[in-house]
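K.L.:
Quick one, what's the 3D model for this:
(2 chains)
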2 protein chains.
Amino acid sequence: VAPRFFVPGLDPADRVVPLPADEAAHLRRVLRLRPGAIVQVFDGHGHEWRAEVTQATSDRAAVRLVEPLEPARESSVVITLVVTVLKGDKMNAIVRDAVMLGVAAIRPVVAARSEGGLVNPGRQTRLERWRRTAVASAKQCGRAVVPPVHPWQTFESYLESSEADAGARLMLVEPAADVAATRLRDVPRPNRAALLVGPEGGWTRDEIAKSVDAGATPVRLGGRTLRADAVPLIALASCQVLWDEEVEP
Amino acid sequence: VAPRFFVPGLDPADRVVPLPADEAAHLRRVLRLRPGAIVQVFDGHGHEWRAEVTQATSDRAAVRLVEPLEPARESSVVITLVVTVLKGDKMNAIVRDAVMLGVAAIRPVVAARSEGGLVNPGRQTRLERWRRTAVASAKQCGRAVVPPVHPWQTFESYLESSEADAGARLMLVEPAADVAATRLRDVPRPNRAALLVGPEGGWTRDEIAKSVDAGATPVRLGGRTLRADAVPLIALASCQVLWDEEVEP
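P.N.:
Presented below is the predicted three-dimensional model:
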């Protein structure tokens, strides 16, 4: 497999495409590629090309598009991960794994039992780090789509927004939660879905009630108590194996 | 939920049950429990009791069994994870997550593309660490069963063993592997299964051929390229959602 580079805003009408500074540095300093090397470039929106390096100097790099490539197949169900921000590096690992498992978008939210909350002074820095992680994960797993990581918002404001994530809203609840919940595998395959994942202490009764009022379906993954930071990966893997319509080669 | 303590070899005929040294230290120094406190003890083989602390001195702790408890339900499909040892802490996280997802046993193996291999001088230390991790994960996730973590062996010797893991042998192969593979969701629900997970560089063609000769079925999880250390969690989560027969409360 040829090395892959991410070029947001790539215009296929351009004869020569300059690489962003960090991608150019990777091409030159890490991979030590020279003009004539064959690489792949993708625009983060599902388009990928074979390309030839035309410039690789100390401070810039550029490629010439050779031909469009068939991008890696995206999931047939469009899934948004609405995830309560967890402490430290856990959230970064969640973003990395969610992109690998084909999520279409990530919406970080702050719930009643979140630690730190929206006043967290580092939140812009963390958001930028997650976005870099999303790019890195897309490069590694072969996706030509870089899912957007949206700005932090309160869970309440997410629930009130009628936008974007139209489709099945599936709220993951713990086995111990005092609420009637559908098993994930009994949920009919949707075209679009939002998976709502709560904080370490779980959703509050009020959050569950408001979500149900907003049309969400409480679902559970089984009878086990799962670590909060493992729930997004387990839930996404479960949805993919249940729903994804793989086109046979 | 009362604090839970692991007492391997617990004999319910004993009136008073001493706790192992590390569990006793946890009871006294971390939780600061005193005689009269109500706790839970489990034997690692699926039995759990409510118990009362009868002794909590500086160097020992003991409990009196009060009554047997209904243990956490185990998976209806008995799954053994046969996993190629990965570098560093990754293997420890795999053990932790596999226990949380209900695995029945873990068999670490060394494959052709493993790094380090069987000559790794730290392997006994690592095995002991994984066993402690299995105990800690069982305590945290509520299981009364502590799955055994078997000693390292070569993948070849695992394949030749006819023992223990009778049942469906499912070999996870990468989408790029040049082999006909069944989608996991098309595999009929077995009573027992072994999931075979390869190293970061994938299985060799020879390993796949020998496994098929030994009755294994190559399976794939979908069209994505997944990080090797995430495959066990994704595969186990997928099996559980596809196969597990949950008894409704």
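K.L.:
When you work out contacts or count neighbours from here on, use the C-alpha atoms and nothing else.
P.N.:
Will do.
K.L.:
Report pLDDT for the one residue sitting closest to the centre of chain A.
P.N.:
For chain A, the residue sitting closest to the mean C-alpha position, by Cα atoms, centre = their mean, is residue A:99 at 3.9 Å. Looking at residue A:99, its pLDDT stands at 97.
K.L.:
cool, and the one 4 residues further on?
P.N.:
At residue A:103, the predicted lDDT confidence score is 96.
K.L.:
For it, which non-adjacent residue is spatially closest?
P.N.:
residue A:79 (5.3 Å; Cα to Cα, 6 or more residues apart in numbering or on different chains).
K.L.:
Any idea what that neighbour is bridged to?
P.N.:
For residue A:79, the beta-bridge partners under DSSP bridges are residue A:193.
K.L.:
What pLDDT is listed against it?
P.N.:
95.
K.L.:
now do the one 10 residues further on
P.N.:
According to the prediction, residue A:89 has pLDDT 84.
K.L.:
do residue A:58 as well
P.N.:
81.
K.L.:
can you pull the contacts of it?
P.N.:
residue A:28 (Cα atoms under 8 Å, 6 or more residues apart in numbering or on different chains).
K.L.:
before we move on, back to that, pretty sure the residue nearest to residue A:103 sits against residue A:190.
P.N.:
No. Residue A:79 lies out of contact with residue A:190 (Cα atoms under 8 Å); the separation is 9.5 Å.
K.L.:
Those two: which has the busier surroundings?
P.N.:
residue A:79 (26 against 14; other Cα atoms under 10 Å in any protein chain shown).
K.L.:
re earlier: ok so the residue nearest to the centre of chain A is a helix residue?
P.N.:
Yes. Secondary structure of residue A:99 (DSSP: H, G, I helix; E, B strand; the rest coil): part of a helix.
K.L.:
contacting residues for it?
P.N.:
Residue A:99 touches A:134, A:137, A:138, A:146, A:147, counting by Cα under 8 Å, 6+ apart.
K.L.:
Looking at those, spot the one nearest residue B:194.
P.N.:
residue A:137 (29.2 Å; Cα to Cα).
K.L.:
before we move on, back to that, any chance of the contacts of residue A:99 in TSV, with distance to residue B:25 and neighbour count too?
P.N.:
Converted to TSV, these look like this (distance: Cα to Cα, whole Å; neighbours: other Cα atoms under 10 Å in any protein chain shown):
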residue	distance to residue B:25	neighbour count
A:134	43	27
A:137	42	21
A:138	46	25
A:146	49	27
A:147	47	22
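K.L.:
Show me which pair in those residues is furthest apart.
P.N.:
Going by Cα to Cα, the pair spanning the contacts of residue A:99 furthest: A:137 and A:147, at 10.1 Å.
K.L.:
Residues contacting the worst-scoring helix or strand of chain A on mean pLDDT, please?
P.N.:
When the helices and strands of chain A are compared on mean pLDDT, DSSP states H and E, strand A:182-183 comes out lowest with a mean of 90. Identification of contacts with strand A:182-183 by Cα under 8 Å, 6+ apart yields A:217, A:218, A:219, A:220, A:221, A:222.
K.L.:
Residue A:7 is in contact with residue A:42, isn't it?
P.N.:
Yes. Counting by Cα under 8 Å, residue A:7 does reach residue A:42; the two are 6.0 Å apart.
K.L.:
who has more neighbours, the two?
P.N.:
Set residue A:7 next to residue A:42 and count neighbours by other Cα under 10 Å: residue A:42 wins out with 27 against 17.
K.L.:
Look up how far residue B:224 lies from the closest residue to the more buried one other than its chain neighbours.
P.N.:
Leaving aside its sequence neighbours, residue A:42 sits nearest to residue A:48 (Cα to Cα, 6+ apart; 4.2 Å). Look at residue A:48 and residue B:224: by Cα to Cα, to the nearest Å, they are 16 Å apart.
K.L.:
And those two? Which one has more around it.
P.N.:
Between residue A:48 and residue B:224, residue A:48 has the larger neighbour count (other Cα under 10 Å), namely 27 against 20.
K.L.:
Dig out what the more buried one forms beta bridges with.
P.N.:
Here residue A:48, judged by DSSP bridges, has bridge partners residue A:42, residue A:69.
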